[in-house]
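> Everything below, folded, please.
(2 chains, ligands or ions: 2)
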Amino acid sequence: MSQLAIEVNEITKMFGNFTAVDKVSFGVKQGEIFGFLGANGAGKSTTIRMLIGLLEPTSGQAKVGGYDVKTQTDLLKKNIGYMSQKFSLYEDMTVEENIHFYGGVYGLSKEKVKERKKWVLEMAGLQGRDKSLTKTLSGGWKQRLALGCAILHEPKILFLDEPTSGVDPVSRRNFWDLINELSSQGVTILVTTHYLDEAEYCNNIILINAGRLIAQGSPKELKTEHITFPILEVETDNVVTALELLRTQPWVVEISVFGTYLHVGVSELDLGKNAIRLTLATKGIQIQRIEQIVPSLEDVFLHLLEQDMKKVAA
Amino acid sequence: MNIKRVKPIIIKEFRQIRRDKRSLGVLLVFPAFLVLLIGYALNFDVKHISVAVFDQDKTQSSREFVRSFSNSEYFDFNYSVQSYEEIDKLLDEGKVLVVFVIPTNFSKELLAGRDAKLQILVDGSNSNTATTAIGYSNAIVQAYSMRIALETLARSGKELYVPIDLHPKVWYNPELISAKFLVPGLIGFILMLSAVVSTSLSVVREKERGTMDQMMVSPLKTGEIILGKTISYLIIALVASVLVLLIGYFFFDISIRGSIIWLYVGIFIFLLAALGQGLLISAISHTQQVAFIISVFSTLLPALILSGFVFPIRSMPIALQVISNVTPPKFFLIVIRDVILKGVGPAAFWEQLVYMGIFAAVTLGLSTRLLLKRAN
Ligand SMILES: Nc1ncnc2c1ncn2[C@@H]1O[C@H](COP(=O)(O)OP(=O)(O)O)[C@@H](O)[C@H]1O
Ligand SMILES: [Mg+2]
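Ligands and ions are numbered 1, 2, ... in the order given. Predicted coordinates:
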């Protein structure tokens, strides 16, 4: 048996003439947290839906837990958990009733449901609220309850589709702690997100754009492999004008705004630093700080997306 | 197919229906309420109209004439008055709706073979009842005068000869179709509407909320989902049908002449067909609005126009007669009228049961397949 929990080979999905997922291939190792990144509409949900047997691939193959997603959907479904970006709970039922329903659907025994219910309530911080209607819960609670319902049957492979969208930052943080815990118990997790910062929590990542895979690797690999030029973080009193001025300089490889700072990729470190100082000085822009930084994943992704855009345009 | 997995679906459906007052209303109260409302609106039979008589003639034939009215269940002769003032008072106070004024020369004219003039005063404030009352009065007066005419002719030794063919005429409901005839049809039509709307919405709601996907990635089979939904909504629709039959019994005096078991066999198969149609609609719709519109149009129009409920199928153009076969209420109407009104057994309507059974099997099977078929 291969070490891969998920193996995807040139999987493609067309909706009419529109290619939503274009020959995407990747592998997910057992027990790892695998990040699936891309902007809205990049094709993340479509890919997941093919992997869990909800959508038939137009072409290509995929195996999940060793089962073929086209032909062995029954076996596949028993062995995976799925949490959709809508937190698919019955809002008009109580927390407990939702747990009982999904437990029943997965054929868990009464005792097992009881045991898992206790675990879910604890995990989600919902003790004492088991009789509350689900619609009265806040986003974070719904999110954790949805996760609980998706893993009642203790699947070895878990698909999470934008589990952190629409919840507050504290809940997002808590949620990643839960994911880490599951992973440490040996559960393989494929998680999609459009929050680039969340990629840091993953063991491996793929980035897709417009249905095409544009990069894959561990966060560390991605940072070192793709950005070969130094990046300077520049703090000024006028970000907008500075951006306009620097954007057109021939020695600036890439430039982007990060909050109130600029990240400027330059062809050569010292030359770049001086050139930035001189250029900004001509317009009287004050520089508070200028220093080289280790590129973040966000830098890498922005770089990759820009490259991809250039390639498509060419 | 695993019954153990169907049970949680049934439990869930009942929980949701119980909490959703709107769908509970659509399923249970709405059919009974609508039957009551439409039943009364369609019920143009006006009975026991309160009547006063001002008999100025006071002869044997005038008394005989009055008696011909009091034999009818349409009129109650509550007052005998002696003056126009009294008439005014009774009409004003709403104690009577109709007053017959028999003139002094009533019997004299009749005996002479001439037209006798009769004055009828009607309270026009309820125009519907008033018109009906006039219609009935006319019918009875004409029947009476014809009898007189015939007797007169007989006395004169001539051959019986009826010069004018008289037809009593009642407006708005000329065939005097009674609630007894309409309400059974109404039952089918309304049960169909509520069953189709509620099932189609229930599945599409799950699509919208993503819970359908969640069920589809579980080991549940599509057939099990459909079965769970069908059983739940079938039970509720059966309860609704009991309510509707009780309304028919208590308010419209409709008792079931035939076998109640066969009636329920018919209702059962009919509801399966209706649920099948609802599930089929939900399989092809993506939003609740779309499902609702398709449900209403696909039930309301055929059930109203093609089922024979309002317009007799015999008198339709051939094309429509053929199309009418796609609507379950058409078959159900025959079954329910046979059992309730005629009291006949399954020999008379087994074909209808088979047709509805086929409709149910096709729609349920098709919706299972469509839901199973993954997008594109
Ligand atoms: N059933 C469908 N029919 C047609 N187009 C679809 C369908 N589902 C998704 N798409 C399109 O495919 C693209 C990818 O969608 P999706 O996988 O949901 O993106 P993501 O999850 O990355 O935001 C989008 O442009 C979307 O409009
Ligand atoms: Mg998505």
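> going forward, measure contacts and count neighbours with C-alpha atoms only.
Fine.
> Which parts of the chain belong to which domain?
Going with chain A. The record's domain parsing of chain A by automatic domain parsing lists A:4-216, A:228-294.
> You answered for a different chain; I wanted chain B.
Following automatic domain parsing, one finds the domains of chain B at B:3-43+B:177-375, B:49-155.
> Pull the distance from the helix or strand harbouring B:Ser50 to the chain's centre.
Taking DSSP states H and E as the definition, B:Ser50 sits inside strand B:49-55. Computed by C-alpha atoms, centre = their mean, to the nearest Å, the chain-centroid distance of strand B:49-55 equals 32 Å.
> Please pull up the helix or strand immediately following that strand.
That would be, after strand B:49-55 and using DSSP H and E, helix B:60-70.
> buried residues in that following helix?
The neighbour-count check on helix B:60-70 (16 or more other C-alpha atoms under 10 Å in any protein chain shown) flags B:61-62, B:65-66, B:69 as buried.
> Likewise for stretch B:93-101?
Residues of stretch B:93-101 classed as buried by neighbour count (16+ other C-alpha under 10 Å): B:96-101.
> Return the closest of those with respect to chain A.
B:Leu97 (54.1 Å; C-alpha to the nearest C-alpha).
> can you redo the domains of chain B as TSV with distance to ligand 1 and mean pLDDT?
Putting the domains of chain B into TSV (distance: least, C-alpha to the nearest ligand atom, whole Å; pLDDT from 0 to 100) gives the following:
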stretch	distance to ligand 1	mean pLDDT
domain B:3-43+B:177-375	6	86
domain B:49-155	56	77
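> where exactly do the helices run in the stretch 51-200 of chain B?
B:60-70, B:84-92, B:106-111, B:127-155, B:179-209 (DSSP state H, counting those that start in this stretch).
> Show me what the first one is packed up against.
Meaning helix B:60-70. Judged by 3 or more C-alpha pairs under 8 Å, 6 or more residues apart in numbering or on different chains; DSSP states H and E, the packing partners of helix B:60-70 are strand B:75-80, helix B:106-111, helix B:127-155.
> For B:Phe75, state which of the buried residues of stretch B:93-101 is nearest.
The shortest approach to B:Phe75 among the buried residues of stretch B:93-101 belongs to B:Val98, at 9.0 Å (C-alpha to C-alpha).
> who's in contact with that closest one?
B:49-52, B:120-123, B:133 (C-alpha atoms under 8 Å, 6 or more residues apart in numbering or on different chains).
> Report the buried members of these.
By 16+ other C-alpha under 10 Å, the contacts of B:Val98 give B:49-52, B:121-123, B:133 as buried.
> In chain A, what residue spans correspond to helices?
Along chain A, counting by DSSP state H, helices occupy A:44-51, A:73-79, A:95-105, A:110-124, A:139-150, A:169-184, A:219-226, A:239-247, A:269-282, A:297-313.
> Measure how the last one sits relative to helix A:219-226, angle-wise.
Orientation check (axes from the mean of the first three to the mean of the last three C-alpha atoms, to 10 degrees): helix A:297-313 against helix A:219-226 gives 50 degrees.
> what's the neighbour count on the residue in the stretch 151-300 of chain A that ligand 1 sits nearest to?
When scored by C-alpha to the nearest ligand atom, the stretch 151-300 of chain A has A:Gly211 as its residue closest to ligand 1, at 7.0 Å. A count of nearby residues for A:Gly211, using other C-alpha atoms under 10 Å in any protein chain shown, gives 22.
> gap between the nearest residue to it once chain neighbours are set aside and A:Gly60?
Spatial nearest neighbour of A:Gly211, excluding adjacent residues (C-alpha to C-alpha, 6 or more residues apart in numbering or on different chains): A:Val21 at 4.0 Å. A:Val21 sits 11 Å away from A:Gly60, going by C-alpha to C-alpha, to the nearest Å.
> Overlap of the contact sets of those two?
Residues touching both A:Val21 and A:Gly60 (C-alpha under 8 Å, 6+ apart): A:11-12.
> More neighbours: the two, which one.
A:Val21 (26 against 16).
> What distance do you get for the more buried one to A:Ser59?
As judged by C-alpha to C-alpha, A:Val21 and A:Ser59 stand 10 Å apart.
> Say whether chain B is contacted by stretch A:136-144.
No - Stretch A:136-144 lies out of reach of chain B by C-alpha under 8 Å from any C-alpha of the partner chain, never closer than 13.4 Å.
> buried ones in that stretch?
So, applying 16+ other C-alpha under 10 Å, buried residues of stretch A:136-144: A:137, A:139-144.
> ok, the residues you listed vs ligand 1, which is closest?
Ligand 1 has its nearest neighbour among these in A:Gln143, at 17.4 Å by C-alpha to the nearest ligand atom.
> That closest one and A:Pro163 touch, don't they?
Yes - taking contacts as C-alpha atoms under 8 Å, A:Gln143 lies within contact range of A:Pro163: 6.9 Å.
> For the buried residues of stretch A:136-144, give me CSV that also has pLDDT.
Below are these laid out as CSV (pLDDT from 0 to 100):
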residue, pLDDT
A:Leu137, 92
A:Gly139, 88
A:Gly140, 90
A:Trp141, 92
A:Lys142, 93
A:Gln143, 92
A:Arg144, 93
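> B:Thr327 against B:Pro302, yeah?
Yes - applying C-alpha under 8 Å, one finds B:Thr327 in contact with B:Pro302, separated by 6.2 Å.
> quick one on the thing from earlier: let's have the helices of chain A in a markdown table, adding distance to A:Lys131.
As requested, the helices of chain A are arranged in a markdown table below (distance: least, C-alpha to C-alpha, whole Å):
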| stretch | distance to A:Lys131 |
| --- | --- |
| helix A:44-51 | 32 |
| helix A:73-79 | 28 |
| helix A:95-105 | 6 |
| helix A:110-124 | 11 |
| helix A:139-150 | 13 |
| helix A:169-184 | 22 |
| helix A:219-226 | 42 |
| helix A:239-247 | 52 |
| helix A:269-282 | 61 |
| helix A:297-313 | 42 |
